[in-house]
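Undergrad: pasting the structure only:
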């Protein structure tokens with residue numbers, strides 16, 4: 001991967017996070033016109049659902065605000081061993097996750113596919 005590939009990705013990432021960007025753009029937007037990043041990650045309602053560990057995604061879908069708080073304060077841990085929801089297919093990410101068949105839909109998340117196309121084509 002070349003650095004210009006990742007530079008182009010930065011300007012497109014907000015479009016990729018929205019499943020249907022032409023129909024419904026990401027709200028609130030990723031780029032808010034400032035250099036601050038305090039509104040990103042678990043502080044952003046859509047991005048938090050992408051980063052949420054798959055084992056907590058059902059909680060996120062039931063109560064996003066409460067789950068975001070738990071992610072932010074460490075009550076729900078996010079470690080390298082916890083796969084984030086964006087790796088699974090579904091809109092929102094991880095929607096089709098099944099505890100009994102964990103690998104179904106794995107690495108088919110639309111965000112992962114869009115970013116891969118950006119970097120490798």
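TA: Perfect, thanks for sending it. All figures in this text were calculated on a predicted structure; none of them were measured in a lab. Residues are numbered from 1 along each chain as shown.
Undergrad: Have a look at this protein and report its longest helix.
TA: helix 3-17 (DSSP state H).
Undergrad: Tell me the helices and strands packed up against that one.
TA: With contacts defined as 3 or more CB pairs under 8 Å, 6 or more residues apart in numbering; DSSP states H and E, the packing partners of helix 3-17 are helix 45-51, helix 110-120. From N, CA and C alone the C-beta is placed, and that goes for glycine too.
Undergrad: chain center to the longest one, what's the gap?
TA: What separates the centre of helix 110-120 from the centre of its chain is 13 Å, taken as CA atoms, centre = their mean, to the nearest Å.
Undergrad: Taking helix 3-17 as reference, get the angle to that helix.
TA: 160 degrees (axes from the mean of the first three to the mean of the last three CA atoms, to 10 degrees).
Undergrad: The residue most central in space within the chain - nearest residue in space that isn't next to it in sequence?
TA: Centroid check for the chain by CA atoms, centre = their mean gives residue 50 as the closest residue, at 2.2 Å. Take residue 50 and drop its neighbours on the chain: the residue closest to it by CB to CB, 6 or more residues apart in numbering is residue 86, 4.0 Å away.
Undergrad: is it fair to say that neighbour lies in a helix?
TA: Yes - judged by DSSP: H, G, I helix; E, B strand; the rest coil, residue 86 forms part of a helix.
Undergrad: Show the pLDDT at it.
TA: Residue 86 carries a pLDDT value of 93.
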